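[1] Have a look at this fold, sequence not included:
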Ligand SMILES: Nc1ncnc2c1ncn2[C@@H]1O[C@H](COP(=O)(O)OP(=O)(O)OP(=O)(O)O)[C@@H](O)[C@H]1O
Ligand SMILES: [Mg+2]
């Protein structure tokens, strides 16, 4: 069965209307070779899924095209590939580059069928997948290679999983899924959780299938900087400072358009022994059917240096450091453990054995009674006390409160952020940075997402308020009011 055809993208033609364009006018052929480092690792991998992602211009598309060149050469007519991208326009440069690489091998581009055909019978279909449902058209097909370009442009993994189901070979050729992507984009969160968070080159086995993430950095592609020295400069002009940093460094902790848009790899530190002297705060967002979240925070009593993925970081005096967490979920999205208050209290006592907690704040709702003792009281009887947190979400004009406090801490000023999390706090890192604005009330966050850790972190931030300077502009108003977000200019620790 032939792959569904998209209207062929427009591109340079050497004349005539014939379907087969034999690429006669290509430069003298030179076989494609991977560059040393990640590109070579990508091409050599025999794992089922390899995701090559990170910096823009890192050589990812070239690696994907080159990988099929080798597969086509090795497996001849058993080699059948499908390369998809989200948009048709974006396909054009990919096809042009493929024509250079494959032309050198004697492959021809058949525009109407939108495929490359090799003299040995190998084929690569090139398609765009405009809507998620378009993936349904591939049901029942079989391919030995599926390449998805710009994986993070797919908001949901569903179409991708459908494409993966087409990977099978009656001729016994090895089947594999390969994808390339940059941080940011509507699919950032699921791609990061499924592939990136396991860490680079760390092979994950699930149901007999293996997957791995290969990070791309611009420095791995010296060919680009040689050929186009101004590339980085142009990149800098094409996005916000955060997004450009994500593109240049391949930093997956930076997300454009999120509620906490200043969140980055600079907020995540490697665990260290928290000095005894530091004040400790515990915060709780209660949940039963939904997850509960407990955070343990230490307040830096002096400037301290900590290790991180992005190098050594200064933790300024007064900064909050989340050094432990307990997220009460079954592991299914937004599904709680259904633990009674006493069981949660026991879990907390166990986790903080030998530790002195100086302050503890929880959602005020746990102190309301509906007949019997409140959750707050049951926790206290079981040995864990809390006081009601300030649960202001959105500050009044001029006041730095609610989410503004948390955003100001994440953004930081001068010496750097005023909120850090240990990299062991997986549920904070998984849920908080991807939270979005409430579309109807942009100054608040979209509460339909998994926001329990964020709520509890907000209580902790409000228990150690930063004093406000001038009125705060809510973060990320760019797209709503066309203004740039800035933390207040002269806040300091209370
Ligand atoms: N092995 C190689 N041989 C020759 N040229 C290469 C090689 N690898 C990369 N390049 C060149 O470097 C440039 C950038 O590479 P490529 O388009 O693959 O990057 P990318 O990571 O896909 O970028 P983006 O994130 O923008 O999609 C291209 O012009 C490409 O042809
Ligand atoms: Mg690319």
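    Done, it's in. Just so you know, these numbers come straight off a predicted model, no measurement behind them. Ligands and ions are numbered 1, 2, ... in the order given.

[2] The residue of the chain at minimum distance from ligand 2 in helix, strand or coil?
    The nearest approach of the chain to ligand 2 comes at residue 61, 3.2 Å away (CB to the ion). The C-beta positions use only the backbone N, C-alpha and C, and glycine is treated the same way. With DSSP: H, G, I helix; E, B strand; the rest coil as the basis, residue 61 sits in helix.

[3] The one 10 residues further on now?
    On the three-state scheme (three-state DSSP), residue 71 is labelled helix.

[4] list the contacts for it?
    By CB atoms under 8 Å, 6 or more residues apart in numbering, the contact set of residue 71 is 79, 81, 122, 144, 145, 173.

[5] contacts with ligand 1 among those, please.
    With CB under 6 Å from any ligand atom as the criterion, the contacts of residue 71 include none near ligand 1.

[6] who wins for neighbours among these?
    Greatest neighbour count in the contacts of residue 71, by other CB atoms under 10 Å, goes to residue 122: 27 neighbours.

[7] Just confirm that one contacts residue 76, I think it does.
    Yes. The pair formed by residue 122 and residue 76 meets the contact definition of CB atoms under 8 Å, at 5.8 Å.

[8] right, and residue 94 touches residue 87 too?
    No. If you go by CB under 8 Å, residue 94 and residue 87 don't touch, sitting 10.8 Å apart.

[9] Looking at these two, which is more packed in?
    residue 94 (21 against 14).

[10] Name the nearest residue to that one, sequence neighbours excluded.
    Setting aside the residues directly before and after it, residue 94 is nearest to residue 61 in space (CB to CB, 6 or more residues apart in numbering), at 5.9 Å.

[11] Provide a list of residues in contact with the one you found.
    94, 97, 149, 180.

[12] where are the low-confidence patches of the stretch 251-400 of the chain?
    254-257, 333, 396-400 (pLDDT under 70).

[13] Which parts of it are strands?
    Here the stretch 251-400 of the chain has its strands, by DSSP state E, counting those that start in this stretch, at 268-269, 279-285, 292-299, 304-306, 313-315, 320-328, 359-362, 387-388.

[14] What is the nearest of the contacts of residue 71 to residue 191?
    Closest approach to residue 191 among those (CB to CB): residue 145, at 19.4 Å.

[15] Show me what counts as buried in stretch 421-432.
    Going by neighbour count (16 or more other CB atoms under 10 Å), the buried part of stretch 421-432 is 421, 422, 423, 425, 427, 428, 429, 430, 431, 432.

[16] so which helix or strand takes in the first one?
    Spelled out, that is residue 421. strand 419-422 (DSSP states H and E).

[17] Show the subsequent helix or strand relative to that strand.
    The helix or strand immediately downstream of strand 419-422 is helix 426-431, counting by DSSP H and E.

[18] next SSE after that next one?
    strand 437-438.

[19] Now do that next one, average pLDDT.
    If you average the pLDDT over strand 437-438, you get 73.

[20] partners of that strand, with directions?
    strand 441-445 (antiparallel) (DSSP bridges).

[21] Tell me the helix or strand right after the partner strand.
    Following strand 441-445 in sequence, per DSSP H and E, is helix 452-463.

[22] And that following helix, how far out from the chain middle?
    22 Å (CA atoms, centre = their mean, to the nearest Å).

[23] so what does it touch, helix or strand wise?
    strand 279-285, strand 292-299, strand 320-328, strand 359-362, helix 403-411, helix 426-431 (3 or more CB pairs under 8 Å, 6 or more residues apart in numbering; DSSP states H and E).

[24] What lies in contact with that helix?
    Outside helix 452-463, the residues within contact range by CB under 8 Å, 6+ apart are 281, 283-285, 287, 290-295, 297, 320, 322, 325, 327, 359, 361-363, 389-393, 401-403, 405-406, 409, 419, 427-428, 431-432, 435, 445.

[25] pLDDT score for residue 56?
    In this prediction residue 56 is given a pLDDT of 86.
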